[in-house]
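**Student:** coordinates for the following, if possible.
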Amino acid sequence: MAQKELQFKLFRYNEGDEAPRYETYPVTVDENTTVLIALMHIRRDQDPSLMLRHSCHHASCGTCAMVINGQEQLACVVRAMELGTETVLVEPLRNIPVVSDLVVDMVNFYGRLNPADRPYIRQSEFLAESATPDGIELYTRFENCIECGACVSACPIMGTDENYYGPAALAAAWRVVEEPRGRDPQDALDWVDNEKGCWRCHVAYECTEVCPTGVDPGGKIMSLRGELTRQKFRNLFDFGRR
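**Tutor:** Numbering: from 1, shown residues only. Sure thing, here's the model as predicted:
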């Protein structure tokens, strides 16, 4: 199997540093070496201080979302040689606070996605008769969104407006409208019908472009707008008939 040495230019930052910096590490890769595997080799063989987050290694958990050569991707499925560059630039997700190196703080992301007054990460109704493992109170259904944060990183509005709900939360709200399963769709629509919700989007569709699981957050935001617009026109029509 053919091998090649690539240079991995990594974003480095730790709390207390005056400013972020970039450090470059050579890694010999083959056609099956993913960016995540290369990063793990760097941490094991060259720099154990490198901080990164990973778990499943097959694009199910979303924890290894990073900006690779300028685009949000899951490091576990991106083959380094297929990028076609001698230097692979790896940076943390944008628009999310950096904790250390390639690790970002997802607290606010989950807060938007799962607000206390109307949580959009919903408990699973499947296999109610099954028993959960020790230490786990219940199963949670994540549906097709894997909560990786790539859409938030790519969104141009998230970088300028900290009050914007963001594409992940808005797509989750539309899922309630599509498939209520006991929830009130109108409540979800009322929640997004403001200047921080679906009307703040600039329709760049960058979120849809980078979504690794085909959620199409941009399309979902447009669906919210469409449904709200239909409601407003119906209300105007009904008012005019009085």
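**Student:** Asp101: what's it in contact with?
**Tutor:** When contacts are counted by CB atoms under 8 Å, 6 or more residues apart in numbering, Asp101 touches Leu10, Phe11, Arg12, Tyr13, Asn14, Leu50, Met51, Leu52, Pro92. Bear in mind the C-beta positions are built from the backbone N, C-alpha and C, glycine included.
**Student:** ok, and the closest non-adjacent residue to it?
**Tutor:** Met51 (4.0 Å; CB to CB, 6 or more residues apart in numbering).
**Student:** quick check, that neighbour in contact with Val98.
**Tutor:** No. Using CB atoms under 8 Å, Met51 is not in contact with Val98, being 9.8 Å away.
**Student:** the two: who's more crowded?
**Tutor:** Between Met51 and Val98, counted using other CB atoms under 10 Å, Val98 has the larger neighbour count: 19 against 15.
**Student:** how close does Ala38 sit to Thr63?
**Tutor:** Distance, Ala38 to Thr63, using CB to CB, to the nearest Å: 17 Å.
**Student:** cool, and Ile96?
**Tutor:** Per CB to CB, Ile96 is found 13 Å from Thr63.
**Student:** and Glu72, by the same measure?
**Tutor:** 14 Å.
**Student:** more neighbours: which of these two?
**Tutor:** Glu72 (25 against 20).
**Student:** let's verify that one: helix, strand, or coil?
**Tutor:** Classification of Glu72 using DSSP: H, G, I helix; E, B strand; the rest coil returns strand.
**Student:** quick check: mean pLDDT of the longest helix seen in the chain?
**Tutor:** Determined from DSSP state H, the single longest helix within the chain is helix 217-241. Averaging pLDDT along helix 217-241 yields 85.
**Student:** any low-confidence regions in this structure?
**Tutor:** Scanning the chain for pLDDT under 70 picks out 116-130, 138-143, 236-242.
**Student:** do you know how far the residue nearest in space to the middle of it is from Asn194?
**Tutor:** Centroid-nearest residue in the chain: Gly149, 1.8 Å away (criterion: CA atoms, centre = their mean). Per CB to CB, Gly149 is found 23 Å from Asn194.
**Student:** before we move on, back to that, just the buried ones among the contacts of Asp101, please.
**Tutor:** If you count burial by 16 or more other CB atoms under 10 Å, the buried members of the contacts of Asp101 come out as Leu10, Phe11, Arg12, Tyr13, Leu50, Leu52, Pro92.
**Student:** in this protein, which spans are strands?
**Tutor:** Applying DSSP state E to the chain gives strands spanning 3-12, 21-30, 65-68, 71-74, 87-91, 98-100, 103-104, 122-123, 140-141.
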